[in-house]
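Just need the structure, nothing else, for what follows:
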Amino acid sequence: MTHPSRTPILYTFRRCPYAIRARMAIDAAGVTVEAREVLLRDKPQVLLEASPKGTVPVLVLPDGSILEESLDVMQWALETRDPEDWLRDGAEAVHWLEHVEREFKPRLDGYKYGHRGPAGEEERCRSEGAEWLRSLEGRLAQGHVLGAQRTLADVGTFPFVRQFVHHDRVFFANLELARVSAWLEDFLAGERFARVMTKHPVWQPEAATE
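As a prediction, the model looks like this:
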């Protein structure tokens with residue numbers, strides 16, 4: 001008989017931007033979870049039983065509750081402990097992240113995978129994504145998305161900007177977005193990002209102990 005774990009279980013994938021932002025919040029909060037690195041092309045059955053949609057992150061809590069959205073995982077962690085006050089301006093941060101999901105993420109996906117679609121899709125999404133980054137450049141006049149201090153809005157956004165930048169570093173460099181570059185580098189050079197991006201072996205169900 002399988003018994004619920006006393007430690008929250010986090011199903012994650014190292015490079016997934018949604019999983020990155022969840023792990024950033026968990027690290028900031030200092031809460032302990034059992035992180036299980038999975039392959040998205042070969043999802044373990046236990047993950048699909050917990051969350052049939054099969055995306056990460058998924059957090060299984062000791063009482064059996066399941067959080068299937070990265071923003072929910074971030075808020076859960078930071079509501080437990082928020083030493084850097086990332087939940088400041090919470091409603092505004094959530095509104096901003098909804099905007100990122102609606103306006104930037106589709107352009108990012110089209111830029112990365114547009115070659116699989118209609119002719120010109122990749123170029124269109126790259127151009128529109130660049131315009132969105134120019135608007136972000138303006139927002140960062142005070143240093144961060146919502147002002148002078150880092151909040152949930154920044155932490156929830158930077159993994160997607162990182163993907164856009166890494167897809168073609170030369171293209172991004174030519175945009176000459178100094179504020180976006182400095183803001184992103186502040187995350188990427190940090191010890192927290194290094195910790196959450198540490199490579200771990202893929203979790204094997206048969207090796208797990210309950």
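
C-alpha from now on. contacts and neighbour counts both.
Will do.

what stretches of the chain score poorly on pLDDT?
Scanning the chain for pLDDT under 70 picks out 1-5, 207-210.

what's the longest helix along the chain packed up against?
Counting by DSSP state H, the longest helix found in the chain is helix 121-139. For helix 121-139, the contact count by 3 or more CA pairs under 8 Å, 6 or more residues apart in numbering; DSSP states H and E identifies helix 105-113, helix 178-188 as packing neighbours.

Out of the ones you listed, which is the most enclosed?
helix 105-113 (a mean of 19; mean count of other CA atoms under 10 Å).

got the angle for it vs helix 121-139?
130 degrees (axes from the mean of the first three to the mean of the last three CA atoms, to 10 degrees).

which parts of stretch 23-41 are buried?
23-29, 33, 35-38 (16 or more other CA atoms under 10 Å).

Quick check: phi and psi on Ala91?
The phi/psi pair for Ala91 (degrees, to the nearest 10) reads phi -60, psi -40.

tally of neighbours for Val196?
18 (other CA atoms under 10 Å).

Show me where this protein has its helices.
Under DSSP H, the chain gives helices at 17-29, 45-50, 70-80, 90-99, 105-113, 121-139, 152-167, 169-175, 178-188, 191-196.

Could you check how many residues crowd around the nearest residue to Leu175 once chain neighbours are set aside?
In this structure, Leu175 finds its nearest non-sequential neighbour in Ala130, 7.6 Å apart by CA to CA, 6 or more residues apart in numbering. For Ala130, the count of nearby residues is 21 (other CA under 10 Å).

next one: the one 4 residues further on
If you count neighbours by other CA under 10 Å, Arg134 ends up with 16.

tell me the contacts of the closest residue to it other than its chain neighbours?
Leaving aside its sequence neighbours, Arg134 sits nearest to Leu177 (CA to CA, 6+ apart; 7.0 Å). Taking CA atoms under 8 Å, 6 or more residues apart in numbering, we find Leu177 in contact with 133-134, 137.
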